[in-house]
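In: Would you be able to build a 3D model of this:
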Amino acid sequence: MKSYEDVIIRPYITERTNEQAMEGRYTFMVAKKSTKVEIKQAVEKLFSVKVLKVNTLNYDGKEKRVGVHLGRTASFKKAIVTIDTNPKPETYLEKGGKVKTLAKKYKTSIEEFGVTPRQ
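Out: Numbers count the residues shown, from 1 in each chain. You can find the predicted model right below:
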């Protein structure tokens, strides 16, 4: 199994992703062979947030020309992760019908992006 730092390479920051981060959608560059489940686990462990949904996109490298030299840009995989901005405590029934509540300590944003979510 890969370590969580190997799955998530770096955040993908543009104007659009900064606007999406305010709504709880964060974008990361991830390893090409990582799956949605691995990405979800890595984000939950590294940033202590509750992940609701993971969308992935694969980008192929484009051909570029500089003068007479022909080359390709790097291909990469991007993941858009939606987190729970309003986490509720988990409840379940114990033996005897008692309701047990677990207050999970999830964060409502990822501070490394430097964006606070809208309330």
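
In: so what's the residue positioned nearest the centre of the chain up against?
Out: Centroid-nearest residue in the chain: Val81, 3.5 Å away (criterion: C-alpha atoms, centre = their mean). Listed by C-beta atoms under 8 Å, 6 or more residues apart in numbering, the contact set of Val81 reads 25-28, 39-40, 43, 51, 53-54. No exception for glycine: its C-beta is placed from N, CA and C like everyone else's.

In: Okay, now the unreliable bits of the chain?
Out: Confidence mapping of the chain against pLDDT under 70 gives the ranges 1, 113-119.

In: Looks like Tyr12 contacts Lys78 (just checking).
Out: Yes: between Tyr12 and Lys78 there is a contact under C-beta atoms under 8 Å: 5.8 Å.

In: Now the common contact residues for those two.
Out: When contacts are counted by C-beta under 8 Å, 6+ apart, Tyr12 and Lys78 have 27-29 as shared neighbours.

In: In strands, which of the contacts of Val81 appear?
Out: 25-28, 51, 53-54 (DSSP state E).

In: Need the buried ones from the residues you listed selected in ChimeraX.
Out: This is how ChimeraX selects the buried members of the ones in strands among the contacts of Val81, with burial counted by 16 or more other C-beta atoms under 10 Å:
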select :25,26,27,28,51,54
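
In: Could you single out the nearest of the ones in strands among the contacts of Val81 to Lys100?
Out: Among these, Val51 lies closest to Lys100 (C-beta to C-beta), at 23.7 Å.

In: roughly how far out does stretch 80-96 sit from the chain middle?
Out: Distance, stretch centre to chain centre, for stretch 80-96: 18 Å (C-alpha atoms, centre = their mean, to the nearest Å).

In: and what of stretch 31-51?
Out: From the chain centre to the centre of stretch 31-51 is a distance of 6 Å (C-alpha atoms, centre = their mean).

In: same thing with stretch 21-34?
Out: Using C-alpha atoms, centre = their mean, the offset of stretch 21-34 from its chain centre is 4 Å.

In: measure that stretch end to end?
Out: In stretch 21-34, first residue to last residue: 22 Å (C-alpha to C-alpha, to the nearest Å).

In: What segments of this protein are helices?
Out: Assigned by DSSP state H, the chain shows helices spanning 4-7, 15-21, 36-47.
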